[in-house]
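K.L.:
3D, please:
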Amino acid sequence: MIDEAVLITVQPAGDVVLLDLWSGDVEALCGDIVRLQVEPRRWWLLGAGDRVNALAARIADHGALAPIGGGLVRATLTGAGWRSLLMVGGLFDAENPAFTTGSLASTMIHHIAVRIVVTGERSCDVYFAASYAPALIEHWSRAAGPHAVAVDEALAG
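P.N.:
You can find the predicted model right below:
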């Protein structure tokens, strides 16, 4: 088990929309929508589910949109131990000081492909396929203790 406290809240990722943009300015086309650039010309638009039609009209021939939130889970890790927890079974140096707020990493944890977004000094969001949620929740429960993990009812099935 890790020595530092961490709380893990696991819930459906919700309104995540994939944007592939092959021309145009992403800021001008997407406005104030929170964006994670996951590849050179690919973004995840967070909380954009109710704006898909308006976005599709603005993006038009510049790119393509696809809702992907239904297949994703978001785990929010908070507390002093979030970096240590990601190092358990991970292939990424989450303790690197350059991995700061706004940073994004694509890596593996416990055989599961994840995207880690640093949201603050003591927090991050981890996105991964919903089908792997039970395995990663069990892994984290063993590493941080079962009391550290809170699972949304929608995933508790």
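
K.L.:
List the buried residues in the helix ranked longest in the chain.
P.N.:
Taking DSSP state H as the criterion, the chain has its longest helix at helix 133-144. Judged by neighbour count using 16 or more other Cβ atoms under 10 Å, the buried positions of helix 133-144 are 133, 136, 137, 139, 140, 141, 143, 144. Placement of C-beta: from N, CA and C, glycine included.

K.L.:
same deal with stretch 83-102?
P.N.:
Across stretch 83-102, burial judged by 16+ other Cβ under 10 Å covers 83, 84, 85, 86, 87, 88, 89, 90, 92, 94, 99.

K.L.:
so can I have a markdown table of these showing pLDDT, secondary structure and distance to residue 74?
P.N.:
Compiled in a markdown table, these are given as follows (pLDDT from 0 to 100; DSSP: H, G, I helix; E, B strand; the rest coil; distance: Cβ to Cβ, whole Å):
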| residue | pLDDT | secondary structure | distance to residue 74 |
| --- | --- | --- | --- |
| 83 | 95 | helix | 18 |
| 84 | 94 | helix | 20 |
| 85 | 95 | helix | 15 |
| 86 | 95 | helix | 15 |
| 87 | 93 | helix | 20 |
| 88 | 93 | coil | 19 |
| 89 | 91 | coil | 19 |
| 90 | 90 | strand | 17 |
| 92 | 89 | coil | 18 |
| 94 | 94 | coil | 17 |
| 99 | 96 | coil | 18 |
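
K.L.:
Show me what the residue nearest to the spatial centre of the chain is bridged to.
P.N.:
Centroid-nearest residue in the chain: residue 127, 2.9 Å away (criterion: Cα atoms, centre = their mean). Beta bridges link residue 127 to residue 74, residue 115 when assigned by DSSP bridges.

K.L.:
residues contacting it?
P.N.:
Residues in contact with residue 127 (Cβ atoms under 8 Å, 6 or more residues apart in numbering) are 13, 16, 44, 72, 73, 74, 114, 115, 117.

K.L.:
May I ask which helix or strand of the protein has the lowest mean pLDDT?
P.N.:
In the chain, no helix or strand scores lower on mean pLDDT, DSSP states H and E than helix 153-156, which sits at a mean of 76.
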